[in-house]
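[1] I would like the atomic coordinates for the input below:
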Amino acid sequence: MKRLFLSTLIVLSALIKTDAQLLKGKHNFTRADTLRGMLTPLRTCYDINYYHLDVKVDIDNKSISGSNEFNFTATTDFRQLQFDLFSNLKIEKVIYKNQELPFKREFNAVFITFPSTVKKGVKDKFEVFYSGSPVIAKNPPWDGGFIFSKDQAGDPWVSVACQGFGASSWWPTKEHQSDEVDSVLISISVPKDLQEVSNGRLRNVVDKPDGYKQYNWFVSNPINNYNITFYIGKYAHWTDVYKGEDGDLTLDYWSLKADSAIARPHWDADVKPMLKAFEHWFGPYPFYKDGYKLVQAPHLGMEHQSAVAYGNHFKMGYLGNDLSGSGWGLKFDFITVHESGHEWFGNNITAKDIADMWTHESFTNYSEALMVESQYGKKASTAYVEGIRKKIQNDIPIIGTYNVNSEGSGDMYYKGANMVHTIRQLIQDDEKFRQILRGLNKTFYHQTVTTAQIEDYIIKESGLKLAKVFDQYLRTTKVPVLSYYIKGGQLNYRWTDVVEGFNMPVKVTLGKDNFNFIYPTTTWKTIAIKDISETDFKADPNFYILLKKSK
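    This is a model prediction of the structure:
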């Protein structure tokens, strides 16, 4: 979610816009970008089944050491494969069947050669041992890396945020979102006077002879790389149960001990209504096996699956501010709601390529409006959606460049949400719209997807011709302009600044008291109207379009 936060800061937004335009305009991607972003045969030759990540965090020296065991299934015959680890971290050795494998490194990619051909269908494993000082984030979570901080009492408070930046910045992994590991054992060793929280469920805590404790957490559901995380500090912990659509969902809350008095009532009041709203709109919480955790973090927030990072200082809105300017943005804790919404869109349904990250952020941004709607009604949610529209930049397309680990515009948040809201108006049936959202989460349950899959599903289930709508909002920076003029009791209208073949219906005032559909194309059309002047003529604000008097 890091691009959302950046878009709220004017200076940083300008910098991002400039960088993105350089990339898009000149296509100056590098070999390193391709190694990171492309699915080559050295990556597609194996399917990750299970990791055992075992890491010791040396807080005093700001360093890490440990190993990761790769369990995989060969998808074709091969002798070489690629995994990923940032070049500033040292690979001590790669072990396969009790022998060291040769390896070579190119940028952050690592290539290993097996002693003989690994046959298609074979289940096998190797283990990578490594150490070093990970990149420290300068401004987390907007830029990735480790966070070594202290709590109010001066005790260590350590975590990591690496969306976009890369999980391989701190552990060896297959760094591509298309292949989520089916399950993972996360073993994190920390000084014995501290606690450690990770994704999934705690299996046990093991005392180590060196004054450390090893916390072993098991994630039994598929999980994408950047979501695997840890939190180290002095925590208070309490539990609850939510009676959800799939039964009892365990709720675990971890706040700093010093903040537990304010955290407990704040979270207790917010989380269950949120889960009720999201299960209503999206379907059952996708990770009942691993539970739901909310963990106070030394950064603003991140959608870490089953261990959501929270750093909003127990305030309503976004750090006490209403991003929509409508007043409704102060009715909920933005970080709790937004990051938890990603459990459905982002974690349950994950984009294969980061260029399609709108499939995470557009729906999750719209989840904020659905949360408002569930508690305060449709008029309130509509005002919220219209309010966030002011933050749309229309700088570069929402969909990024494929195969080079390139995000599109930060408009994937606000503009993407407004696109979803516009499509909802076109469907004209809120229950049908709800079933489409639920159907997405059921059809693509625990899967990685492409934009085409999401578009095709919505088109099929809605029965609408939406291909040009998706093209307009996702692949261009243009906002559809409804050009019009009124003459002799006739409304003359057409679409301009649109993709070829764009013919989206839209509601306008054909009478004084209500909105009705018209069906513009790129050629002029005419319809009779009553008692409406050019001054009074309006388009339904639920549609994200521009209105322009033509003559």
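[2] longest helix anywhere in this structure?
    What stands out as the longest helix in the chain, according to DSSP state H, is helix 260-282.
[3] Next, Phe83: phi, psi?
    Here is the backbone geometry of Phe83 (degrees, to the nearest 10): phi -120, psi -180.
[4] Now that it has come up, it's in contact with Val110, right?
    Yes: Phe83 is within contact range of Val110, at 5.3 Å (criterion: Cβ atoms under 8 Å). For the C-beta atoms, the positions are set from N, CA and C on the backbone; glycine is no exception.
[5] what's the overlap in contacts for these two?
    128, 172 (Cβ atoms under 8 Å, 6 or more residues apart in numbering).
[6] Which of these two has more residues huddled nearby?
    Ranked by neighbour count (other Cβ atoms under 10 Å), Phe83 and Val110 place Phe83 first, with 25 against 22.
[7] pLDDT score assigned to the more buried one?
    Predicted confidence (pLDDT) for Phe83: 98.
[8] what do you get for the one 3 residues further on?
    According to the predicted model, the pLDDT of Phe86 comes to 98.
[9] how many other residues sit next to it?
    21.
[10] Check Lys478 too.
    16.
[11] do Ala258 as well
    Ala258, neighbours per other Cβ under 10 Å, totals 14.
[12] out of everything not next to it in sequence, what's closest to it?
    Closest residue to Ala258 apart from its sequence neighbours, by Cβ to Cβ, 6 or more residues apart in numbering: Gln152 at 4.9 Å.
[13] Could you do Ser169 as well?
    Phe86 (4.9 Å).
[14] Distance-wise, check the residue nearest to Ala258 relative to Leu256.
    For Gln152, the distance to Leu256 equals 7 Å [Cβ to Cβ, to the nearest Å].
[15] quick one: which of those two has more around it?
    Higher neighbour count among Gln152 and Leu256: Leu256, with 19 against 10, using other Cβ under 10 Å.
[16] what's the burial count for Gly416?
    Residues near Gly416, counting by other Cβ under 10 Å, number 27.
[17] Surely it touches Asn365?
    Yes: shown here, Gly416 and Asn365 form a contact pair, counting by Cβ under 8 Å, at 6.2 Å.
[18] ok so, going back, check which helix or strand the residue nearest to Ala258 maps to.
    Gln152 is part of no helix or strand, with elements assigned from DSSP states H and E.
[19] how much space between it and Ile262?
    Relative to Ile262, and taking Cβ to Cβ, Gln152 is found at 12 Å.
[20] ok, Trp358 touching Ile399?
    Yes: with contact defined as Cβ under 8 Å, Trp358 reaches Ile399; the gap is 6.6 Å.
[21] any common contacting residues for the two?
    With Cβ under 8 Å, 6+ apart as the test, Trp358 and Ile399 both reach 408, 451, 474.
[22] And the pLDDT for the closest residue to the second one other than its chain neighbours?
    Computed as Cβ to Cβ, 6+ apart, the closest residue to Thr451 that is not its neighbour in sequence is Asp356, at 4.6 Å. Asp356 carries a pLDDT value of 98.
[23] Pop out the phi and psi values for the closest residue to Tyr402 other than its chain neighbours.
    Distances taken as Cβ to Cβ, 6+ apart place Ala355 nearest to Tyr402, at 4.8 Å, with adjacent residues excluded. Dihedral pair for Ala355: phi -60, psi -20, per degrees, to the nearest 10.
[24] I'd assumed Thr401 was in contact with Ala355.
    Yes: using Cβ under 8 Å, Ala355 is in contact with Thr401, at 5.9 Å.
[25] Point to the helix or strand of the chain where mean pLDDT is at its lowest.
    helix 10-26 (a mean of 35; mean pLDDT, DSSP states H and E).
[26] so what does the following helix or strand past it touch, helix or strand wise?
    Counting by DSSP H and E, the next helix or strand C-terminal to helix 10-26 is helix 31-37. If you count contacts as 3 or more Cβ pairs under 8 Å, 6 or more residues apart in numbering; DSSP states H and E, helix 31-37 packs onto no helix or strand.
[27] Distance from the chain centre to helix 31-37, please.
    Here the centre of helix 31-37 is set off from its chain's centre by 21 Å, with Cα atoms, centre = their mean, to the nearest Å.
[28] With stretch 112-127 instead?
    Distance of stretch 112-127 from the chain centroid (Cα atoms, centre = their mean) equals 33 Å.
[29] same deal with stretch 478-487?
    Counting by Cα atoms, centre = their mean, stretch 478-487 comes out at 34 Å from the chain centroid.
[30] ok, residues contacting that stretch?
    Contacts of stretch 478-487 (Cβ under 8 Å, 6+ apart): 394, 472, 491-499, 502, 504, 506, 508, 520, 529, 532-534, 537, 539, 544-551.
[31] Among those residues, which are located in helices?
    Using DSSP H, the contacts of stretch 478-487 in helices are Gln472.
[32] Filter the contacts of stretch 478-487 down to the buried ones.
    Among the contacts of stretch 478-487, those classed as buried by neighbour count (16 or more other Cβ atoms under 10 Å) are 472, 491-495, 497-499, 502, 504, 506, 508, 520, 529, 532, 537, 539, 544-545.
[33] hmm, back to that, most surrounded residue in the shared contacts of Trp358 and Ile399?
    Gly408 (25 neighbours).
[34] before we move on, back to that, now, which of the buried ones among the contacts of stretch 478-487 lie within strands?
    491-495, 506, 508 (DSSP state E).
[35] Between the residues you listed, which sits nearest Leu53?
    Using Cβ to Cβ, Val506 comes nearest to Leu53 of those, at 50.7 Å.
[36] burial of Trp344, as a residue count?
    If you count neighbours by other Cβ under 10 Å, Trp344 ends up with 26.
[37] Which of the three states applies to Thr250?
    Following DSSP: H, G, I helix; E, B strand; the rest coil, the label given to Thr250 is strand.
[38] who's it bridged to?
    Val241 (DSSP bridges).
[39] can you tell me how far it sits from Ile188?
    Remark: distance between Thr250 and Ile188 (Cβ to Cβ) = 21 Å.
[40] quick one, which of those two is more surrounded?
    Set Thr250 next to Ile188 and count neighbours by other Cβ under 10 Å: Ile188 wins out with 24 against 16.
[41] That one against Ile64, yeah?
    No: look at Ile188 against Ile64 with Cβ under 8 Å: they stay out of range, at 9.6 Å.
[42] Identify the contacts common to the two.
    With Cβ under 8 Å, 6+ apart as the test, Ile188 and Ile64 both reach 55-57.
[43] In strands only, show me those residues.
    55-57.
[44] Most neighbours among those residues, which one?
    The most crowded member of these, judged by other Cβ under 10 Å, is Val57 (26 neighbours).
[45] That concludes my questions; thank you for your assistance.
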